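Undergrad: Got a sequence here, can you build the structure:
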Amino acid sequence: MRQTVIAVVGGKKSGKTTTIEVLTRELVNRGYRVATVKHIPEPNFTIDKERKDTWRYAHSGAQTVIAASADEIATIEKVHGKNFSLEEILRRSRGSDIVFLEGFRQLVAKARGIYKIVVVKSADDVAEAVETFEPILVFTGPYAPERLGMKGPYFDIFKDAKKIADLIEKLVIKEAVT
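TA: From the prediction side, this is the model:
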């Protein structure tokens, strides 16, 4: 099966993470393998804790550090300022049926093979999204617009998660046939 990639885009505190969380739960319950990728724009962000063993390994020169526990495996790849392409990021999610990207506005804006779920808080957000993103699968978020020239339907993520998941499922099936 070919991977279906969906970007969830919107402003800060618009509900992107909640949208992904709700849809992931629904799609996993339907039997899909879901991967999520979070864009973190802060320049010096690290998940590694200073002075812990994994941090010490990386600071001694290890390019890849793997931490394994009973319930999870974390891989930390030190890239030293390298900008990853979307293809490189998606390669790390092999084995998933659906990949949700949170953020990555510039990388995904006009990428035709990546559907967008746009989380909106205002009419201005809708207007900007229509100008910026293609193709738009659906709008969601705290602002319930009355069409406003939207290029997709609006669904409330809390009331209509199943409807959004149905749209995603149709994409997965369509892409499996292609």
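Undergrad: Show me which parts of whichever helix or strand A129 is part of are buried, residue by residue.
TA: Assigned by DSSP states H and E, A129 falls within helix 123-132. In terms of neighbour count (16 or more other Cβ atoms under 10 Å), helix 123-132 has its buried residues at 125-126, 129-130, 132. C-betas here are computed from N, CA, C, even on glycine.
Undergrad: Just want the most central residue of this protein.
TA: L101 (1.7 Å; Cα atoms, centre = their mean).
Undergrad: which ones are touching that residue?
TA: 5-8, 37, 39, 89, 108, 114 (Cβ atoms under 8 Å, 6 or more residues apart in numbering).
Undergrad: Bridge partners for it, pull those for me.
TA: Per DSSP bridges, the residues bridged to L101 are A7, V37.
Undergrad: Please determine how far it is located from P153.
TA: 21 Å (Cβ to Cβ, to the nearest Å).
Undergrad: Could you save the buried residues of helix 123-132 as JSON lines and add columns showing pLDDT and distance to K12?
TA: Formatted as JSON lines, these follow (pLDDT from 0 to 100; distance: Cβ to Cβ, whole Å):
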{"residue": "D125", "pLDDT": "91", "distance to K12": "11"}
{"residue": "V126", "pLDDT": "90", "distance to K12": "17"}
{"residue": "A129", "pLDDT": "92", "distance to K12": "15"}
{"residue": "V130", "pLDDT": "90", "distance to K12": "20"}
{"residue": "T132", "pLDDT": "93", "distance to K12": "16"}
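Undergrad: Going by distance to G61, which of these wins?
TA: T132 (41.2 Å; Cβ to Cβ).
Undergrad: The closest one contacts V108, doesn't it?
TA: No. T132 lies out of contact with V108 (Cβ atoms under 8 Å); the separation is 9.9 Å.
Undergrad: related to what we said a few turns ago, what does the helix holding A129 contact?
TA: 9-11, 14, 105, 109, 116, 118, 120, 136, 139, 141, 143, 145, 148-151.
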